[in-house]
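1. Build me a model:
(chains A and B)
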Amino acid sequence: MSITVVAVPFALAQIVTTFITAGASIAAMNALNTNMNKNATDETIHQDSCDDTVVISEANFIEKTFDTPFTDKSILLKTLDEHGFINIHEEYGKIYAKYQNYYLQFERNQETEPYRVSINCLEKDSAEEKLDDLNTEYSMNVQEESYLSIIEKLKENNMEIESEEVLDDNSIVLTVNLEN
Amino acid sequence: MTKKMKIKLLPNGEIQMETQGVKGKKCLDYIEVLKKLVDVNITDTKFTNEYYETETYTTESEQNEVRYD
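-> Residues are numbered from 1 along each chain as shown, chains lettered A, B, ... in the order given. Next up is the predicted model:
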């Protein structure tokens, strides 16, 4: 081999800082609940209620904010949908989504920047775990998009794919013949 | 050695590319090829021994036998 190159797709940013703010934010919760068409009340949890009618105390929710590597909006929306998030919608450049007791709000200052996410969830639930899940699924979607892009461009340029292999760690290896 | 380009797409989204059989600085051209195949930022580049080798070309005259009668 003569050269090895490591590259990161534009759809994935490298996280520089991660910060967390914890603590119930009633104003933020009310804003999110309004967006999710669900009003927050002071009532306690009714254990026998179905998910649609469970009322949860504001005090049980905490808000955490994280930097994310998510730069591509379409891949992010696809990831949220595939994960099972509902009420996914955009408003004033922000993306809102709900999954069980997780309320997510993505925002960024510019389209070239990665999103920051605010996660409101119950104290007992792990915002970090949910974000890790999303990170994993988003990265796999980036892998898929990169694969499709490469295959298409190779065909357009009449470059021969000598072999294609999927490894045990789910990496995809394409060998391209350069002789022609 | 046949000239090849191996592109590895990892599940974390990262892409690794290596050329094989391409000697000298010509391998640098394939960084641009990769950029045209997919939108990426290059984060690391390593040169192997082949980078420092020169390409050898065999011409037809060298292949002809020389006979003295």
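
2. residue nearest the centroid of chain B?
-> Centroid check for chain B by C-alpha atoms, centre = their mean gives B:V22 as the closest residue, at 2.7 Å.

3. Quick check: phi and psi at that one.
-> phi -100, psi 120 (degrees, to the nearest 10).

4. can you point me to the longest strand in chain B?
-> Assignment by DSSP state E gives strand B:40-47 as the longest strand of chain B.

5. Pull out the buried residues from it.
-> Burial within strand B:40-47, assessed by neighbour count using 16 or more other C-beta atoms under 10 Å in any protein chain shown, is assigned to B:V40. Quick note: C-beta positions are derived from backbone N, CA and C, even for glycine.

6. Mind checking the pLDDT average for stretch A:137-149?
-> Taken as a whole, stretch A:137-149 has an average pLDDT of 97.

7. Only the buried residues of it, if you could.
-> A:E137, A:Y138, A:S139, A:M140, A:N141, A:V142, A:Q143, A:E144, A:E145, A:S146, A:Y147.

8. so of these, which ones are in strands?
-> Using DSSP E, none of the buried residues of stretch A:137-149 sit in strands.

9. Please look at the residue nearest to the centre of chain B and B:K6 and confirm they touch.
-> No: using C-beta atoms under 8 Å, B:V22 is not in contact with B:K6; the gap is 11.4 Å.

10. re earlier: what's the separation between the residue nearest to the centre of chain B and B:D44?
-> To B:D44, B:V22 is 18 Å away according to C-beta to C-beta, to the nearest Å.

11. Also A:L134?
-> Counting by C-beta to C-beta, the gap from A:L134 to B:D44 is 26 Å.

12. go on, A:Y92?
-> Taken as C-beta to C-beta, the span from A:Y92 to B:D44 is 38 Å.

13. try A:V5
-> In terms of C-beta to C-beta, A:V5 sits 7 Å off from B:D44.

14. all helices of chain B, in order?
-> B:29-37, B:60-63 (DSSP state H).

15. Least confident of those helices, on average?
-> Looking over the helices of chain B, mean pLDDT reaches its minimum on helix B:60-63, with a mean of 53.

16. Out of the buried residues of stretch A:137-149, the closest to B:K35 would be?
-> A:S146 (12.3 Å; C-beta to C-beta).

17. Distance-wise, check the most centrally placed residue in chain A relative to A:A127.
-> Nearest to the geometric centre of chain A sits A:L134, at 4.4 Å (C-alpha atoms, centre = their mean). Here A:L134 is placed at a distance of 11 Å from A:A127 (C-beta to C-beta).

18. swap in A:Y92?
-> 23 Å.

19. between those two, who's got more neighbours?
-> Taking neighbours as other C-beta atoms under 10 Å in any protein chain shown, A:Y92 and A:A127 compare with A:A127 leading, 22 against 5.
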